[in-house]
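Chemist: please find the sequence and the predicted model below.
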Amino acid sequence: MAEVVASAVGVLTVSDRASRGEYEDKGGPGIVAALSDILASPWRAVARVVPDEQDVIAAALIDLADREGCSLILTTGGTGPAPRDVTPEATEAVCERMLPGFGELMRTASLREVPTAILSRQTAGTRGRSLIVNLPGKPSAIRTCLDAVFPAIPYCIDLIGGDRFETDPAVCKAFRPKA
């Protein structure tokens, strides 16, 4: 019987305070909790916590994509308008192709819950066989955004030659648009 290999999923928390141990990382565990609910195929989180420094974020994204072989990399934090919010810039610097529809849809979904979602600069792009998606830092906002875009994620990863991700049909039924 062939051994089932768990796909690696990069979970990158971007936070000065969490990287210094001054603040509990809630974004990374929020991503893991959401994926535990959404994914049916075996997967394992490859987690990192880095400060809000563009070159450090970019290096972590490259490491997760190129060395760790993560077909999916989800970031949390650093997507607002504050001067140190540079996650989108780091993502754009390492991606070969940008996928602006992800950010557009995440903002649309978030605006149904909070008017400040318009300040978000979330984006997504591909690097080799990896899809990188920027998410907000708050766990409830992470879930809102993942619920909005996850229907496209397995197909996108398939198109770029990444690992196969299966979703829980009971959970993903809620993702389908109403006719």
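Modeler: Nice, I can see it.

Chemist: tell me, what residue is most central in the protein?
Modeler: Per C-alpha atoms, centre = their mean, the C-alpha nearest to the average position across the chain is that of Leu74, at 2.1 Å.

Chemist: strand partners (parallel or antiparallel) of the helix or strand where that one lies?
Modeler: Assigning secondary structure by DSSP states H and E places Leu74 in strand 72-76. Strands that pair with strand 72-76, judged by DSSP bridges, come out as strand 7-14 (parallel), strand 130-135 (parallel).

Chemist: for the longest one, buried residues please.
Modeler: Neighbour-count burial for strand 7-14 flags 7-14 (criterion: 16 or more other C-beta atoms under 10 Å). The C-beta positions use only the backbone N, C-alpha and C, and glycine is treated the same way.

Chemist: low-confidence stretches in this structure?
Modeler: Applying pLDDT under 70 to the chain flags residues 1-3, 172-179.

Chemist: which residues of it fall in helices?
Modeler: Assigned by DSSP state H, the helices in the chain fall at 16-19, 27-38, 54-62, 87-94, 100-111, 139-149, 153-159, 169-172.

Chemist: quick one: closest of those helices to Arg127.
Modeler: helix 87-94 (5.5 Å; C-beta to C-beta).

Chemist: packing partners of that closest one?
Modeler: helix 54-62, strand 124-127, strand 130-135 (3 or more C-beta pairs under 8 Å, 6 or more residues apart in numbering; DSSP states H and E).

Chemist: list the neighbouring strands of the second one plus their orientation.
Modeler: When pairing is defined by DSSP bridges, strand 124-127 lines up against strand 97-98 (antiparallel), strand 130-135 (antiparallel).

Chemist: ok so, going back, redo the strands paired with strand 72-76 as a markdown table? Include distance to Ile153.
Modeler: Supplementary listing: the strands paired with strand 72-76 in a markdown table, determined by distance: least, C-beta to C-beta, whole Å:
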| stretch | distance to Ile153 |
| --- | --- |
| strand 7-14 | 10 |
| strand 130-135 | 7 |
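
Chemist: identify whichever of those strands lies nearest to Ala33.
Modeler: strand 7-14 (10.8 Å).

Chemist: that closest one to helix 54-62, inter-axis angle?
Modeler: 170 degrees (axes from the mean of the first three to the mean of the last three C-alpha atoms, to 10 degrees).

Chemist: distance from the chain centre to strand 7-14, please.
Modeler: 7 Å (C-alpha atoms, centre = their mean, to the nearest Å).

Chemist: offset the numbering so it begins at 418, please.
Modeler: With the count now opening at 418, the last piece we talked about shows up as strand 424-431.

Chemist: now the angle from it to helix 444-455?
Modeler: 150 degrees.

Chemist: wouldn't the residue nearest to the centre of the chain be in contact with Thr430 here?
Modeler: No. Taking C-beta atoms under 8 Å as the definition, Leu491 is not a contact partner of Thr430, at 9.8 Å.
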